[in-house]
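*Asks:* The following comprises the amino acid sequence and a computationally predicted model.
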Amino acid sequence: MAALTANRRQPAVVPFLSGAGAVYREFPVAASTVIYKGGFVGLDTSGNLVMYAPPTVGLTIVGGFRIVGIAAEAIASQTSAGDKWCLVMTDGFFRHTITSSDLTSIGKPVWASTSGDLGFACLGNAFVGHVVGFITKDGVD
């Protein structure tokens with residue numbers, strides 16, 4: 001997969017063992033930005049929401065955004081920053097495909113490499129969480 005260019009169906013949130021659901025917050029969307037539902041999102045240097053993009057890794061790390069969660073809704077491009085706000089799942093469990101995952105993946109740290117991809121490599125990617133369950137080949141919680 002690659003960075004998202006369309007909305008993605010986000011599977012139902014797996015509740016915490018305590019029975020509480022996921023945590024959602026709203027963030028102002030950056031100017032001229034499209035947010036795709038189900039995509040990983042981050043904050044730009046002004047604190048506005050954008051689709052997650054990792055930094056460029058070279059002799060120094062350049063750019064990239066602080067990841068804050070998964071977009072719970074789609075937002076069309078708008079003229080000015082803050083004209084629209086987007087609901088984002090900032091904490092909780094979710095299911096996602098990770099290539100080469102298996103039962104031994106439980107407990108491993110997971111990193112976002114694009115707005116639509118997760119993996120086990122950390123270099124230049126944003127930390128998302130840990131694998132807590134295994135569903136099928138390449139599908140984890």
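*Replies:* Now that the structure is in, tell me what you want to look at.

*Asks:* which SS class is the closest residue to N125 other than its chain neighbours?
*Replies:* Sequence neighbours aside, W111 is the residue nearest to N125 in space, at 3.7 Å (criterion: CB to CB, 6 or more residues apart in numbering). No exception for glycine: its C-beta is placed from N, CA and C like everyone else's. Three-state assignment for W111 (DSSP: H, G, I helix; E, B strand; the rest coil): strand.

*Asks:* is W111 in a bridge, and if so with what?
*Replies:* Following DSSP bridges, W111 is listed with bridge partners G119, F127.

*Asks:* Before we move on, what's the pLDDT of it?
*Replies:* For W111, the model assigns a pLDDT of 88.

*Asks:* In contact with it: list those residues for me.
*Replies:* Counting by CB atoms under 8 Å, 6 or more residues apart in numbering, W111 touches 118-122, 125-128.

*Asks:* any chance of the residues you listed in JSON lines, plus pLDDT?
*Replies:* Shown next, in JSON lines, are these (pLDDT from 0 to 100):
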{"residue": "L118", "pLDDT": "88"}
{"residue": "G119", "pLDDT": "87"}
{"residue": "F120", "pLDDT": "88"}
{"residue": "A121", "pLDDT": "84"}
{"residue": "C122", "pLDDT": "81"}
{"residue": "N125", "pLDDT": "83"}
{"residue": "A126", "pLDDT": "84"}
{"residue": "F127", "pLDDT": "85"}
{"residue": "V128", "pLDDT": "86"}
